[in-house]
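Visitor: all I have is the shape, not the residue letters:
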């Protein structure tokens, strides 16, 4: 993942998210979803383990999808999508930092969603704000991305450590409880499993 | 999405196995008593876990009985009975029914349609006993369906809605508010765990899965963080956190399906 993300910081910004998904401008939500899932089937790391190029492509696909969903496409013509200039991004980041310091995480996230150039600092701020509102899954993901984009940054590493600390402590206790292997059979266990299987015919316990 | 909250029975003591059995049978008997024989096929471990928690918190509500059943037709088995079990039976029905409806709207499953039809009367009875709760669960199920259909990319957003559903199910009695928070944390974990187990198949079949938006395929730490939250909410109840069956489940049993899925992938 490190190799993928290092090249990400040098990657070309997505000018036209629709084109990135192989769609015409203003494609419907349904078409976007369909195109996304078709591309995910092709490029997702889960189906392409160890394939750095596929992972890089998937990162762009996800970013394009999120750009469309974040509604930046409203009234925007592609082929001239305004890239955030250094100073205006700097101003926006300053605002994000102020909101985060004051604990106004939702506001911070609102501003972050308007920034299209997503560098390590963007992911760092996003991780903090998401963590603040209890979005622990997204916070962990974004902290990881920030660290892999700038591995030597102590701030980012400290944040990742902080976000992971709860899970680490839990994991230590979990290890002492043993690996959950197959259940030892007893008559009611076997029969209740049969019930579960019968029930899964109609319930389809996923 | 159900049945993850199991024990690691290999590590349970004999007395804990018996106690867990009485609770499981308690919910099963309550299902049969209040909702008929067909209802017991919907019995799931997650609701059994709820019955375990409630039995530990509200200690004075249990009566030990014994009876025969299909899994023990000759020897009578002991089971618990009382308001907790009636409540759990109702919640089991409500959850199963909405889940079946969800399956019907997802892919028109004939099995799900048949199952829903069978449960309809039971569901109406359960809904009448808990009208506001059922309404809130229904709203959240619709919200969840909408988010999944619209391809929501924020995993927390979707998982939190399922968390709210389980929170509502868990909220019972005097400690309802704290139980809601525990149910919510557990529900969030279950939803994400289910996504981890299904990601491979979902990608291949072009189905919605919030984890498609993550490039990281090692889910252990993410799941551990979510369980850390469940652990924290459990610690709010000293009677729960000190219980050996509860610990067996949250530190070992609950990982069974996930570890199986990981092993299959290797």
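Guide: Looks like it came in fine. Just so you know, these numbers come straight off a predicted model, no measurement behind them. Numbers count the residues shown, from 1 in each chain, chains lettered A, B, ... in the order given.
Visitor: rest of the way, CA atoms for contacts and neighbours
Guide: Fine.
Visitor: count the residues that sit near residue 145.
Guide: As the question left the chain open, I've gone with chain A. Residues lying near residue A:145 (other Cα atoms under 10 Å in any protein chain shown) number 28.
Visitor: wait, chain B was what I had in mind.
Guide: By other Cα under 10 Å, neighbour count at residue B:145 equals 17.
Visitor: excluding chain neighbours, what is closest to it?
Guide: residue B:102 (7.7 Å; Cα to Cα, 6 or more residues apart in numbering or on different chains).
Visitor: if I look at residue B:208, how far off is chain A?
Guide: The spacing between residue B:208 and chain A, counted by Cα to the nearest Cα, to the nearest Å, is 8 Å.
Visitor: tell me which element residue B:48 falls in.
Guide: helix B:45-57 (DSSP states H and E).
Visitor: buried residues, the next helix or strand along the chain from that helix. List them.
Guide: Reading on from helix B:45-57 to the C-terminus, the next helix or strand found by DSSP H and E is strand B:63-69. Of the residues in strand B:63-69, residue B:66 count as buried by neighbour count, 16 or more other Cα atoms under 10 Å in any protein chain shown.
Visitor: what lines up beside strand B:63-69 in the sheet?
Guide: Sheet pairing here is set by DSSP bridges, and for strand B:63-69 it gives strand B:72-81 (antiparallel).
Visitor: give me the contact list for the partner strand.
Guide: Identification of contacts with strand B:72-81 by Cα atoms under 8 Å, 6 or more residues apart in numbering or on different chains yields A:188, B:21-27, B:29-30, B:62-69.
Visitor: quick one, phi psi at the residue nearest to residue B:145?
Guide: Dihedral pair for residue B:102: phi -60, psi -40, per degrees, to the nearest 10.
Visitor: and for residue B:202, the neighbour number?
Guide: Using other Cα under 10 Å: residue B:202 sits among 18 other residues.
Visitor: now swap in residue B:238 and tell me
Guide: 11.
Visitor: just checking, residue A:19 touches residue A:26?
Guide: No - using Cα atoms under 8 Å, residue A:19 is not in contact with residue A:26, being 10.3 Å away.
Visitor: touching both of these two, which residues are there?
Guide: Contacts common to residue A:19 and residue A:26, judged by Cα under 8 Å, 6+ apart, are absent.
Visitor: stretch B:9-17: which residues count as buried?
Guide: So stretch B:9-17, judged by 16+ other Cα under 10 Å, has buried residues B:9, B:10, B:11, B:12, B:16, B:17.
Visitor: distance between the helix ranked longest in chain A and the chain's centre?
Guide: If you go by DSSP state H, chain A has its longest helix at helix A:154-175. Computed by Cα atoms, centre = their mean, to the nearest Å, the separation of helix A:154-175 from the middle of its chain amounts to 18 Å.
Visitor: residues touching that helix, excluding its own?
Guide: A:124, A:128, A:131, A:136, A:139-140, A:143-144, A:146-147, A:150-151, B:221-229, B:231, B:251-252.
Visitor: pLDDT averaged over it, what's the number?
Guide: In this model, helix A:154-175 has a mean pLDDT of 95.
Visitor: what does stretch B:129-140 give?
Guide: So the average pLDDT for stretch B:129-140 ends up being 94.
Visitor: one more: stretch B:197-210?
Guide: Rounded mean pLDDT across stretch B:197-210 is 92.
Visitor: ok, how many other residues are close to whatever residue of the stretch 101-250 of chain B ends up closest to chain A?
Guide: Here the stretch 101-250 of chain B gets closest to chain A at one residue, residue B:225, 3.9 Å apart by Cα to the nearest Cα. Residues lying near residue B:225 (other Cα under 10 Å) number 24.
Visitor: circling back: near chain A, which of the buried residues of stretch B:9-17 show up?
Guide: B:9, B:10 (Cα under 8 Å from any Cα of the partner chain).
Visitor: could you tell me which of the buried residues of stretch B:9-17 belong to helices?
Guide: Short answer: those in helices (DSSP H) are B:16, B:17.
Visitor: now the buried residues of stretch B:9-17 as a markdown table including pLDDT and distance to residue A:119?
Guide: Formatted as a markdown table, these follow (pLDDT from 0 to 100; distance: Cα to Cα, whole Å):
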| residue | pLDDT | distance to residue A:119 |
| --- | --- | --- |
| B:9 | 88 | 48 |
| B:10 | 89 | 48 |
| B:11 | 90 | 47 |
| B:12 | 92 | 49 |
| B:16 | 94 | 52 |
| B:17 | 93 | 53 |
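Visitor: now the two most distant members of the buried residues of stretch B:9-17.
Guide: B:10 and B:16 (11.1 Å; Cα to Cα).
Visitor: where do the helices of the stretch 101-250 of chain B begin and end?
Guide: B:110-129, B:131-149, B:155-170, B:176-205, B:220-234, B:238-241, B:244-251 (DSSP state H, counting those that start in this stretch).
Visitor: hang on, the earlier thing: so which bits of the helix holding residue B:48 are buried?
Guide: Neighbour-count burial for helix B:45-57 [16+ other Cα under 10 Å]: B:45-57.
Visitor: show me where chain A has helices.
Guide: A:2-9, A:17-20, A:29-43, A:52-69, A:86-102, A:105-114, A:120-132, A:136-149, A:154-175, A:187-203.
Visitor: and these, which is most packed in?
Guide: Ranked by mean neighbour count, the helices of chain A are led by helix A:136-149 with a mean of 25 (mean count of other Cα atoms under 10 Å in any protein chain shown).
Visitor: okay, the angle between that one and helix B:220-234?
Guide: 140 degrees (axes from the mean of the first three to the mean of the last three Cα atoms, to 10 degrees).
Visitor: can you list contacts of helix A:136-149?
Guide: Helix A:136-149 is contacted from outside by A:1-2, A:5-6, A:8-9, A:119-124, A:126-131, A:153, A:156-157, A:159-160, A:163-164, B:154-156, B:214, B:216, B:222, B:225-226, using Cα under 8 Å, 6+ apart.
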